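A.B. asks: mind looking at a prediction? Sequence and model below.
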Amino acid sequence: MTYCVGIKLDAGLVFLSDSRTNAGLDQISTFRKMMVYEKPGDRFMVLLSAGNLSISQSVREILQVEQIDNGAGEPITIWNATSLFDAVRVLGSAVRRVYDQDGASLKEAGIDFNASMIFGGQIAGEAMRMFLVYSAGNFIEATRETCYFQVGESKYGKPVLDRMITPQTPLDEASKCALVSMDSTLKSNLSVGLPLDLLVYESGALCSDQLVCIDEQNPYFQMIRGTWGQKLRQVFESIDDPQWTLSNGSLDDAKWTVVDRSGATAQPAGDGSSALCVKSARYEPMRKITHPGEKVV
């Protein structure tokens with residue numbers, strides 16, 4: 001499996017991908033999941049891919065030469081498309097071409113046609129755009145409300161993105177956030193692994209030299225891994241533990257005596273706003289079954 005994330009901001013774009021591919025516990029390999037298409041001053045595009053590696057590689061190969069009909073005009077390719085929407089249409093056509101070529105054989109072998117991709121960048125004359133492409137070749141576009149996409153093992157790194165990323169986030173902060181997201185995924189899933197490819201694109205540049213391969217010796221990523229874990233533990237330990245006994249024994253009053261880690265006592269909220277054992281205004285407490293004939297429902 002893999003993990004890739006693309007982030008679209010007012011200031012530019014951030015792309016990050018891992019490079020681990022596995023076909024079982026004893027078949028783990030390194031394959032890069034990022035492709036960069038650049039014609040300086042004219043267009044800059046990035047493709048991140050996840051899913052079946054053979055499908056992804058075939059799509060990338062075909063994408064270089066794929067064409068879609070343009071009526072009486074010149075066929076559209078990723079190299080002459082006048083909008084990124086047309087370019088992603090070419091990508092969708094390449095995905096469908098691979099499905100037409102290999103889909104039946106894969107199905108016969110019991111293998112799903114599984115590929116998902118993030119495609120983003122900028123073409124001269126229009127704003128930056130970013131798309132999430134599905135296995136059928138269809139796609140959706142990033143908006144200000146949903147300004148990042150993930151493919152692959154997305155669940156581990158999603159919470160920090162949800163909490164931190166907005167369209168106004170600076171590029172450096174977004175890069176840091178993407179690396180924290182990747183670190184969380186690496187921590188929890190063995191199917192994602194180093195090295196990583198990180199690319200940062202500034203709006204309007206139509207080229208980028210901010211591209212780095214990050215391995216286990218990279219000092220910044222080592223700092224991220226150590227600092228994030230340490231700071232997360234510090235924040236966690238600063239939160240009061242749940243207290244199950246009320247100071248006056250009354251659930252209705254819900255005034256607590258909190259004992260922190262230093263042994264000091266405090267009243268966190270006289271109105272019970274931070275208490276744990278308070279009655280819900282909407283739901284009844286859980287009922288216990290105490291004999292065979294009793295029903296909860």
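C.D. replies: Received it, and whenever you're ready, just let me know what you need. Residues are numbered from 1 along each chain as shown.

A.B. asks: could you use CA atoms for every contact and neighbour count after this?
C.D. replies: Fine.

A.B. asks: the stretch 1-150 of the chain: strands as residue ranges?
C.D. replies: In the stretch 1-150 of the chain, the strands defined using DSSP state E, counting those that start in this stretch lie at 3-8, 12-17, 20-22, 28-30, 34-39, 43-51, 115-123, 129-133, 139-141, 148-152.

A.B. asks: which elements pack onto the second one?
C.D. replies: Packing partners of strand 12-17 (3 or more C-alpha pairs under 8 Å, 6 or more residues apart in numbering; DSSP states H and E): strand 3-8, strand 43-51, helix 171-188, strand 196-202.

A.B. asks: chain neighbours aside, what residue packs nearest to residue 196?
C.D. replies: Leaving out its chain neighbours, the residue that sits closest to residue 196 by C-alpha to C-alpha, 6 or more residues apart in numbering is residue 18, at 4.4 Å.

A.B. asks: hmm, that neighbour is touching residue 190, no?
C.D. replies: No: judged on C-alpha atoms under 8 Å, residue 18 makes no contact with residue 190 at a distance of 11.7 Å.

A.B. asks: what number of residues lie near the residue nearest to residue 196?
C.D. replies: Residues lying near residue 18 (other C-alpha atoms under 10 Å) number 29.

A.B. asks: check contacts around it.
C.D. replies: 2, 3, 4, 32, 33, 192, 193, 194, 195, 196, 197 (C-alpha atoms under 8 Å, 6 or more residues apart in numbering).

A.B. asks: okay, it: pLDDT?
C.D. replies: Predicted confidence (pLDDT) for residue 18: 98.

A.B. asks: do residue 271 as well
C.D. replies: pLDDT recorded at residue 271 is 48.

A.B. asks: next one: residue 276
C.D. replies: Note on residue 276: pLDDT of 83.

A.B. asks: helix or strand for it, which one?
C.D. replies: In this structure, residue 276 sits in neither a helix nor a strand according to DSSP states H and E.

A.B. asks: ok so, going back, will you turn the contacts of residue 18 into CSV that also has neighbour count, distance to residue 22 and pLDDT?
C.D. replies: Formatted as CSV, the contacts of residue 18 follow (neighbours: other C-alpha atoms under 10 Å; distance: C-alpha to C-alpha, whole Å; pLDDT from 0 to 100):
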residue, neighbour count, distance to residue 22, pLDDT
2, 26, 9, 93
3, 31, 13, 97
4, 30, 16, 98
32, 16, 13, 95
33, 24, 13, 97
192, 25, 9, 95
193, 25, 10, 95
194, 16, 13, 97
195, 19, 14, 97
196, 24, 16, 97
197, 20, 18, 98
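
A.B. asks: closest one of those to residue 283?
C.D. replies: Nearest to residue 283 out of the contacts of residue 18 is residue 3 (C-alpha to C-alpha; 39.3 Å).

A.B. asks: name the nearest residue to that closest one, sequence neighbours excluded.
C.D. replies: For residue 3, ignoring the flanking residues on the chain, the nearest one in space by C-alpha to C-alpha, 6+ apart is residue 152 at 4.6 Å.

A.B. asks: quick one: residues contacting that neighbour.
C.D. replies: Counting by C-alpha under 8 Å, 6+ apart, residue 152 touches 1, 2, 3, 4, 50, 51, 116.

A.B. asks: and for the residue nearest to the last one when sequence neighbours are not counted, the neighbour number?
C.D. replies: What it means is residue 116. Residue nearest to residue 116 in three dimensions, not counting chain neighbours: residue 134, with 4.9 Å by C-alpha to C-alpha, 6+ apart. By the criterion of other C-alpha under 10 Å, residue 134 has 17 neighbours.
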